[in-house]
Each structure stands twice: as C-alpha cells, then as structure tokens.
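**Q** Here's a sequence, model it:
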Amino acid sequence: MKKTTLLFALLAAISAVAVTGCGGSSAPYSQSTGSTDQISFNLGGGGSATTQPGEPVTYDVTLSQIKNPGSNTTAVLSVSGLPEGVTGTFAPTPTPISEGSANASLSLTVPSSIQDGTYPFTIGARIGSANRTIAATLVVNDGLVVQVSGGGTSTVAAGTTATFPITAKLVQSSQGGQTRGPNDVELSTVGLPNGATPSFSVNPLRATQAGAESILSVAVPLSIPAGEYPFTIVAKVEGVPQNFVATLIVESANVFDFSVTGPSWFRADVGDPVEYDGNVTTLEGISGESTVNMSISGLPAGSEFVINPNPVSPSGEGSLFTISITTSPSALPGRYPLTITGTSGNITRTRNTALFLYAPDQEL
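**A** Sure thing, here's the model as predicted:
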C-alpha cells in the first residue's frame, strides 16, 4: 500500500515538472515572432494643394507613433485615384523608419492639358501587413478670371439698328474680374425704350484669353421719339451679375423721298423717234440710299419706248433719265397726256406731261 502511494506521488511530481517546462518556453517564443498583427501607426499629411495646369505640386506625408514594426525598417507608400495624366512620385522610397516615425513627400506632375477642377485622391502607407490611408485633394486653377467689357454709346436714326460690342476675356486674377465656372457669360438687357428689340450675336458668350465678342443689336422702330435712352447691359458669370451702362441716342428718321421733274410738254411727228429728258432728285434735307424705278403711261397705241438708265439713283443735284419714244406710223395726231412715274419701295412720285403728235405734212 505504501509502495503504491509513493509511486503515484512520484508520477505526479514528474508530470508537474513537465507541464511547467512547456509553459515557460512558449511565451518567449510568441513575443519574439514580431507578428505584424501588432504593428500600428498613424498616417498624416495629405490635405489640399492648388496648382496651375503644367505646374507640379507637393504634399507632405507623415507616419507617426509606429509601434511594433518588428523587422520592418521601411514603409511602402502608394497613391491612387489621381486624374488622368497626373503622375505621383514619393521621396524617399522606400521610406525609412526612424525612432517610431517616417517622413516623405509626394510630388505630383500635372499636365498642361488638365481642366480646372477639384480632384480627390488617396495616399496609402504599409508597414508589414498593417495599412493606413488618408484622403487628399488636388485643386487645379489656372489663375484666370473672366473680365467683361461693354456699354458705350450708339447713335442711330429711328427705323434702323444700333449696335454695342461686348467682350469677354480671360485674364490673371490680379487684373480683376469674376471667378469663372465653365467660362460662360449670360447676356441680357434692362431698361431699353418701349418697342426697341435687343438681340445678341452670341449668347451665352464663352470667355477666351484672346477675347470673345458678342454684338448687341437693338432694333429701333420709327415710333420711338428722338432722344437719349440710357439702359443696362447685364453680364452674368456663374450667376453673379456685372452691369454696364449703355446709351442709345435716337435721331429723327431718315425717310427717303424724291421728286420727278421734266418738261411739261414735248412734240413729235407720227412715226418719228423723240426723246424726253427728266430728273429724279433727292429732296433737300432728307437723306437716304435707294433707287427709283421709272415708267411712263398714256402713249399712243403701238408706241415703243426705252428709259435709260432705269432704275435711277437719285441725288441732291438731280439724276438725269431719258425716255426714247417711237410712235406707231398709224398713230393719230393730237395731244396725249402722259404720266411719268417713279417708284421706290412704297414711295411713288409722278410727273405729268403732254405729247403733241403731228402728221409729217401738218403745219405747226
């Protein structure tokens, strides 16, 4: 019985020693693995940076509070989500870890073809199997703003059209102007006199560095009295209005008018040619550019005639026209009242004359 008890005690002691030995060697082994699951760090930097097309830009990247890096002596940095044509380079790469931190810079090469805009992207960092990311933003702005000019004074006669040039140009912000979106300038007018009708040759107007132009045409009806009419040209860039004062000066209408003059009578023998000379004169004090179509009525039956020139361009001094007439040999002698008519647009003017037709052997 004593032998059996002693044997069990001995076996228990041996078992206890064996278990203690296994447990003591396993903990140090676990700590010495440097497991990357225990690596931790903070990633900072990124933020927003602004540049112009064709100009590089740099971001600072900081890794701090690096814990349990184990055998890892460097951090691997990456960038994703950059706009097309933009490339990124880190320096130094790989990035060394020193005293629990690491520092690098990210340089972006920006092409000159890129459009203005805000472009978000992501910066990543990896130490072993531990990863961190941070958001960053690239802002591209070529530094140009929209500068609009316009207004001025235009003097026209009632019944005609006045014009006002408007220019939209891209300039450096130091020259003044309005921040642009898609470079479009929306144009309108306020305060034109009743009946005047505005129209723009280009609307909206897209600003360019060379300068883009739109012509404001204002149709002025005959009903508008002579006078000065200030009004406003409104140019909106991104909804923000810029106003330009313009002045429309209306003068009395230049209504074209004319008169037809010539001898009050002329004579011819039956069957013989004869010429009648007349004048078309622009009335004094009234100007205009037009032509007058001439005609004649009342000639004896069978007569032929030619008017030269026709139409006539009248002048203040008078423009000559000649009517060459040949009567029919069968025409009866006598007095023939004639009407010479000049027509220009809706204006008609006449001259009454008389042809005295004689037989060849008739005494005067």
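
**Q** who's in contact with residue 218?
**A** Under the criterion of Cβ atoms under 8 Å, 6 or more residues apart in numbering, the contact partners of residue 218 comprise 154, 161, 162, 163, 164, 189, 192, 196, 197, 198, 248. Any C-beta I mention is one placed from the backbone N, CA and C, and that applies to glycine too.

**Q** Can you tell me the closest non-neighbouring residue to it?
**A** Spatial nearest neighbour of residue 218, excluding adjacent residues (Cβ to Cβ, 6 or more residues apart in numbering): residue 162 at 4.5 Å.

**Q** Enumerate every residue touching the one you found.
**A** By Cβ under 8 Å, 6+ apart, the contact set of residue 162 is 154, 155, 156, 217, 218, 220, 248.

**Q** Mind listing what's buried along stretch 270-285?
**A** 270, 274, 276, 278, 279, 280, 281, 282 (16 or more other Cβ atoms under 10 Å).

**Q** in the sheet, who's paired with the residue nearest the centre of the chain?
**A** The C-alpha lying nearest the average C-alpha coordinate of the chain belongs to residue 206 (Cα atoms, centre = their mean; 1.8 Å). Beta-bridge pairing of residue 206, defined through DSSP bridges, involves residue 184.

**Q** Pretty sure it sits against residue 170.
**A** No. Between residue 206 and residue 170 there is no contact under Cβ atoms under 8 Å: 9.7 Å.

**Q** Among the buried residues of stretch 270-285, which ones are in strands?
**A** Mapping these onto strands (DSSP state E) picks out 274, 276, 278, 279, 280, 281, 282.

**Q** Now flag whichever of those is closest to residue 316.
**A** residue 282 (5.0 Å; Cβ to Cβ).

**Q** any weak-confidence spans in this protein?
**A** Residue ranges of the chain with pLDDT under 70: 1-37, 173-183, 254, 284-289, 362-364.

**Q** can you give me the helices in it?
**A** 2-31 (DSSP state H).

**Q** sorry, back to before: between the contacts of residue 218, which sits nearest residue 325?
**A** For those, the nearest to residue 325 is residue 161 (43.5 Å; Cβ to Cβ).

**Q** Count the neighbours of that closest one for me.
**A** Applying other Cβ atoms under 10 Å, we find 13 other residues in the vicinity of residue 161.

**Q** pretty sure it is touching residue 216, no?
**A** No. Look at residue 161 against residue 216 with Cβ under 8 Å: they stay out of range, at 10.3 Å.

**Q** returning to that earlier point: just the buried residues from the contacts of residue 162, in ChimeraX please.
**A** Filtering the contacts of residue 162 down to the buried ones (16+ other Cβ under 10 Å) takes a single ChimeraX command:
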select :154,156,218,220,248
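
**Q** still on that earlier bit, and the gap between the residue nearest to residue 218 and residue 229?
**A** Note on residue 162: its distance to residue 229, by Cβ to Cβ, to the nearest Å, is 10 Å.

**Q** now residue 108
**A** Computed as Cβ to Cβ, the residue 108 to residue 229 distance reads 55 Å.

**Q** now do residue 299
**A** 53 Å.

**Q** same check, this time on residue 168
**A** For residue 168, the distance to residue 229 equals 25 Å [Cβ to Cβ].

**Q** Over to residue 282?
**A** To residue 229, residue 282 is 29 Å away according to Cβ to Cβ.

**Q** and what of residue 323?
**A** From residue 323 to residue 229 the distance is 48 Å (Cβ to Cβ).

**Q** More neighbours: which of the two?
**A** More crowded of residue 323 and residue 229, by other Cβ under 10 Å: residue 323, with 23 against 19.

**Q** and the gap between the more buried one and residue 48?
**A** Applying Cβ to Cβ to residue 323 and residue 48 gives a distance of 87 Å.

**Q** Ok, residue 299 next?
**A** Distance from residue 299 to residue 48, by Cβ to Cβ: 92 Å.

**Q** go on, residue 303?
**A** As judged by Cβ to Cβ, residue 303 and residue 48 stand 94 Å apart.

**Q** Could you check which of those two has the larger neighbour count?
**A** residue 303 (17 against 12).

**Q** quick one, what contacts that one?
**A** Residue 303 neighbours (Cβ under 8 Å, 6+ apart): 325, 326, 327, 328, 331.

**Q** what do you get for residue 283?
**A** 257, 258, 259 are the contacts of residue 283 under Cβ under 8 Å, 6+ apart.

**Q** and the nearest residue to the last one once chain neighbours are set aside, what are its bridge partners?
**A** It refers to residue 259. Counting by Cβ to Cβ, 6+ apart, residue 259 lies nearest to residue 281, which is 5.2 Å off, once chain neighbours are set aside. Residue 281 has these beta-bridge partners by DSSP bridges: residue 259, residue 315.

**Q** likewise residue 349?
**A** Residues in beta-bridge contact with residue 349 (DSSP bridges): residue 342.

**Q** just residue 109 next, same as before
**A** Applying DSSP bridges to residue 109 gives these bridge partners: residue 87.

**Q** distance of the residue nearest to residue 218 from residue 360?
**A** Counting by Cβ to Cβ, the gap from residue 162 to residue 360 is 64 Å.

**Q** swap in residue 135?
**A** 113 Å.

**Q** Could you do residue 246 as well?
**A** For residue 246, the distance to residue 360 - Cβ to Cβ - is 73 Å.

**Q** Next: residue 192.
**A** Distance from residue 192 to residue 360, by Cβ to Cβ: 70 Å.
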